[in-house]
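**Student:** would you be able to build a 3D model of this:
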Amino acid sequence: MPTRRSFLTGALAAPLLARPAFAQTRLNVVATTGMIADAARAIGGDLVEVTQLMGSGVDPHAYRQTRSDVATLARADLVLWNGLYLEAQLERLLTDLSRRVPVTAVAEATPAEHLLRHADYEGRADPHLWMAPRLWRYAVAATRDAISAQRDAPEFGTNAARYLDAIDTCDTRARAALATVPDAARVLVTAHDAFGYFGADYGFEVMGIQGLSTQSEAGLARIAELVDTLVSRQIKAVFVESSVSDRNIRALIEGAAAEGHEVRIGGTLYSDAMGQPGTYEGTYLGMIDHNVTTITRALGGEAPETGLFGKLGGPA
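**Tutor:** So this is what the prediction gives:
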């Protein structure tokens, strides 16, 4: 009887055998997440066709490949993924695929000394590096190098430099806005621990109800502990995430209300996925701009309603 592994192996091999011998006009790149796809599109320009597996609102921790995903991956000239166990359900498939197609885990290019560890995530690092633009630069550089290894084009280096400059500008403006949040209010309470790098880089204490993966369970004891923290420290705002259920955040708010402390939702943050395609928030810079602006304004800081670049709510 065929096993699941033999099915995957056959599915991966068949499209490769059907490939034409001549090079495609455009490099066919498949990226798992929107953050990686955005970098690949910016770097590749007209020379690269980028397919994104996971769309807006999709949780990469829980994502499982479809049959069409397997075929799409097998036809790729290059596959880019985050790594660090973000795409946990795809690891076996991508490991098998790497024997046939170039596969690069771009976030794993980050120097080990910059990686955060977590007591509940033994032996693994926090994969959410895109939350700190200063660190996401390593993943962008790895994306550039992976694309350049498949096709020699000077445009890739030029485009990457321009994209990295834009990330640096976004980071500078983010620091200025977030610096206006009062010290006592610099506490970020979210659905899961996706904002560790954000907090470490911008000086916020981060409290996630769930662990680094959305697959971990939030126990009653954890929720009760956070309710006590909200009340004792008079934290006024918590945040939901676009790719995570708001059930646990609602439980926090209700728990605080039962203790006589009013907490509101400060807004929706983009954590593991960007906004809708075609919108500014559907780009990496727009994602960071939205999060910074939402956090700053909700916690008592000063930021324009239209964001760091005046583009929030508009087209890409």
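
**Student:** what does the pLDDT read for the residue nearest to I265 when sequence neighbours are not counted?
**Tutor:** Leaving aside its sequence neighbours, I265 sits nearest to V240 (C-beta to C-beta, 6 or more residues apart in numbering; 5.9 Å). To be clear about C-beta, it is placed using only N, CA and C from the backbone, and glycine gets the same treatment. We note a pLDDT of 92 for V240 in this prediction.

**Student:** what's the answer for the one 5 residues further on, then?
**Tutor:** For S245, the pLDDT comes out at 80.

**Student:** contact partners for L90?
**Tutor:** T32, Y63, R64, Q65, W81 (C-beta atoms under 8 Å, 6 or more residues apart in numbering).

**Student:** let's see 7 Å
**Tutor:** Counting by C-beta atoms under 7 Å, 6 or more residues apart in numbering, L90 touches T32, Y63, Q65.

**Student:** so what sits opposite A105 in the bridge?
**Tutor:** Beta-bridge pairing of A105 under DSSP bridges involves W81.

**Student:** for N291, see how far away it is.
**Tutor:** As judged by C-beta to C-beta, to the nearest Å, A105 and N291 stand 24 Å apart.

**Student:** next one: G260
**Tutor:** For G260 relative to N291 (C-beta to C-beta), the value is 30 Å.

**Student:** more crowded one of those two?
**Tutor:** Just comparing G260 and N291: by other C-beta atoms under 10 Å the higher neighbour count belongs to N291, 23 against 7.

**Student:** so where's this protein uncertain?
**Tutor:** Where the chain drops to pLDDT under 70, the residues are 1-24, 120, 211-219.

**Student:** and the longest helix for it?
**Tutor:** Counting by DSSP state H, the longest helix found in the chain is helix 154-178.

**Student:** packing partners of that helix?
**Tutor:** Under the contact criterion of 3 or more C-beta pairs under 7 Å, 6 or more residues apart in numbering; DSSP states H and E, helix 154-178 touches helix 34-44, helix 133-150, helix 284-298.

**Student:** closest one to P182 among those?
**Tutor:** Set against P182 and scored by C-beta to C-beta, those come closest in helix 284-298, at 11.0 Å.

**Student:** the inter-axis angle of the closest one versus helix 133-150?
**Tutor:** Counting by axes from the mean of the first three to the mean of the last three C-alpha atoms, to 10 degrees, helix 284-298 lies at 170 degrees to helix 133-150.

**Student:** how far away from the center of its chain is helix 284-298?
**Tutor:** Between the centre of helix 284-298 and the centre of its chain there are 14 Å (C-alpha atoms, centre = their mean, to the nearest Å).

**Student:** what do you get for stretch 54-69?
**Tutor:** The chain centre lies 13 Å from the centre of stretch 54-69; the measure is C-alpha atoms, centre = their mean.

**Student:** give me the buried positions along that stretch.
**Tutor:** For stretch 54-69, the neighbour count (16 or more other C-beta atoms under 10 Å) marks M54, S56, V58, D59, P60, H61, Y63, Q65, D69 as buried.

**Student:** spatially, which two of these are the most separated?
**Tutor:** Longest span within the buried residues of stretch 54-69, C-beta to C-beta: S56 and Q65, 18.3 Å.

**Student:** direction included, what does the helix or strand harbouring the residue nearest to I265 pair up with?
**Tutor:** If you go by DSSP states H and E, V240 is part of strand 237-241. Counting by DSSP bridges, the strands paired with strand 237-241 are strand 264-269 (parallel).

**Student:** neighbours of E205, how many?
**Tutor:** Neighbour count of E205, defined by other C-beta under 10 Å: 12.

**Student:** likewise S245?
**Tutor:** By other C-beta under 10 Å, 13 other residues sit near S245.

**Student:** hang on, Q234 in a strand?
**Tutor:** No - checked against DSSP: H, G, I helix; E, B strand; the rest coil, Q234 lies outside a strand; its state is coil.

**Student:** show me the protein divided up by domain.
**Tutor:** According to automatic domain parsing, the chain comprises the domains 4-174, 180-298.

**Student:** now G83: how far from D46?
**Tutor:** To D46, G83 is 28 Å away according to C-beta to C-beta.

**Student:** who has more neighbours out of the two?
**Tutor:** G83 (23 against 7).

**Student:** quick check: the more buried one is in a helix.
**Tutor:** No - checked against three-state DSSP, G83 lies outside a helix; its state is coil.

**Student:** list the contacts of it.
**Tutor:** Here G83 is in contact with A105, A107, E108 (criterion: C-beta under 7 Å, 6+ apart).

**Student:** how many residues are close by the last one?
**Tutor:** By the measure other C-beta under 10 Å, the count of residues near E108 is 18.

**Student:** single out the most deeply packed of the helices and strands packed on helix 154-178.
**Tutor:** Compared across the helices and strands packed on helix 154-178, helix 34-44 shows the largest average neighbour count, a mean of 26 (mean count of other C-beta atoms under 10 Å).

**Student:** quick one: contacts of it?
**Tutor:** Residues outside helix 34-44 that contact it (C-beta under 7 Å, 6+ apart): 27, 29, 31, 48, 50, 52, 54, 80, 82, 106, 130, 140, 143-144, 147, 156, 159-160, 163, 273-274, 283-284.
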